[in-house]
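Asker: Quick check, what structure comes out for this input:
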Amino acid sequence: MRSRLILCRPFRLRFAGLVLRVLALSVPVIAPSGLTAQPMQLPGAAGSAPVGTPVAPPPPAGQPGAGQLPGTPRPPSAPAVRAVADDAVVGQALMHQGTSGRLVMERRPGGYGLRFSAEGFQINNLLEPCGVSFGDQAVPLESLGRPAGLPRFRLQSSVCPIVFDVLNNALLVVEPQTPCVIEAAQCRLTPRGLWGPDARGLVALARDIEKERARAESQVREGFRQLGVQGGNDERRDVAREQASFSSEREQICREFAREASHSFCAAKVTEARAASVRARLTKGAGEPDARR
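Answerer: A predicted model of the protein is given here:
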């Protein structure tokens, strides 16, 4: 036998009111016309731009930023440095420390050659000067690429195979580290260092040289800063030490350049060489080799 629930009239009215209130809570509220409900955002989700906000198109493929996710840090950019061509000093007569010897780079079939003469001191008497000429014909040069961001060549000579980087209006001889001993002439040569124009003509250009030096120093500072950004703690410490020691290294190279205090030519060129070297290290992996010397 089924049992039936019988409600009296007052209770039925109260029960009906309760049901209506429950139904009212479950019905979504429709915003008035002209108002837009804000969507819920999860933590970390990017906000959507209002309707009508211009949206920048993605960068074309191959340009910086293409293929990068939002918020991905871009790799540091290498500072721009003045480009140096392989033949930047072809035909120019350059002197060691701006005062002695003679070095002229020439074109020859299949590449370049060097007319080279240098001054030094006798093997048995380091106070007695001597001189050595490497012949009337240009000695062939071997191209070594751009390991320090500049054109590098080696003189194909068994007695003094100097290695140098080409700069604008100068050559920086980086090897050999020790003097060349020419037994046939009983002469000891030290060709390492900067070969540039006759120093007597550089004083009149001092103002322009100083501008070039300031530009190169700015490039070196920016390059070292970018190297520090790329590396970890150990690399940052190494870069800081290298940056701190650069001034003393430059001073050591340029201390014997004639009239350096009057024109700063050597300092400007050595700084340009370091700027190119640092840039080459920053762009390693983009087709350029490591440039540490």
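Asker: List of residues touching the helix or strand where Leu141 lies?
Answerer: Using DSSP states H and E, Leu141 sits in strand 139-143. For strand 139-143, the surrounding residues in contact (Cβ atoms under 8 Å, 6 or more residues apart in numbering) are 86, 105, 108, 111-116, 151-157. C-betas here are computed from N, CA, C, even on glycine.
Asker: Now do the SS call for Phe147.
Answerer: I think there's a mix-up here, since residue 147 is Pro and not Phe. Classification of Pro147 using DSSP: H, G, I helix; E, B strand; the rest coil returns coil.
Asker: Quick check: it vs Pro161, distance?
Answerer: To Pro161, Pro147 is 16 Å away according to Cβ to Cβ, to the nearest Å.
Asker: Neighbour count: the two, which is higher?
Answerer: Neighbours were tallied for Pro147 and for Pro161 using other Cβ atoms under 10 Å; the higher tally belongs to Pro147 (17 against 14).
Asker: Can you spell out which helices and strands pack onto the longest strand anywhere in the chain?
Answerer: Longest strand in the chain, counting residues (DSSP state E): strand 111-122. Judged by 3 or more Cβ pairs under 8 Å, 6 or more residues apart in numbering; DSSP states H and E, the packing partners of strand 111-122 are strand 100-108, strand 125-133, strand 139-143, strand 152-155, strand 187-189.
Asker: Mean pLDDT, distance to Phe265 and mean neighbour count for these - can I get that in TSV?
Answerer: Shown next, in TSV, are those (pLDDT from 0 to 100; distance: least, Cβ to Cβ, whole Å; neighbours: other Cβ atoms under 10 Å):
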stretch	mean pLDDT	distance to Phe265	mean neighbour count
strand 100-108	96	15	17
strand 125-133	94	24	13
strand 139-143	97	24	16
strand 152-155	98	21	20
strand 187-189	96	22	21
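Asker: right, and these - which one's nearest Asn168?
Answerer: Nearest to Asn168 among the helices and strands packed on strand 111-122 is strand 100-108 (12.8 Å), distances taken as Cβ to Cβ.
Asker: shaky segments in this protein?
Answerer: Counting by pLDDT under 70, the ranges of the chain that qualify are 1-78, 285-293.
Asker: could you point out the longest helix in it?
Answerer: Longest helix of the chain, by residue count under DSSP state H: helix 206-230.
Asker: buried residues in that one?
Answerer: For helix 206-230, a neighbour-count test (16 or more other Cβ atoms under 10 Å) marks 209, 212-213, 215-217, 219-220, 222-224, 226-228 as buried.
Asker: circling back to that earlier point, of the helices and strands packed on strand 111-122, give the one that comes closest to Phe246.
Answerer: For the helices and strands packed on strand 111-122, distance to Phe246 was read as Cβ to Cβ. The smallest value, 19.8 Å, belongs to strand 152-155.
Asker: packing partners for the closest one?
Answerer: By 3+ Cβ pairs under 8 Å, 6+ apart, strand 152-155 packs against strand 111-122, strand 139-143, strand 163-167.
Asker: Show me the contact partners of the first one.
Answerer: This points to strand 111-122. 86-87, 90, 96, 100-107, 127-134, 136-141, 143, 153, 155, 157, 160, 162, 179, 186-191.
Asker: Give me the distance between Pro129 and Phe153.
Answerer: Distance, Pro129 to Phe153, using Cβ to Cβ: 27 Å.
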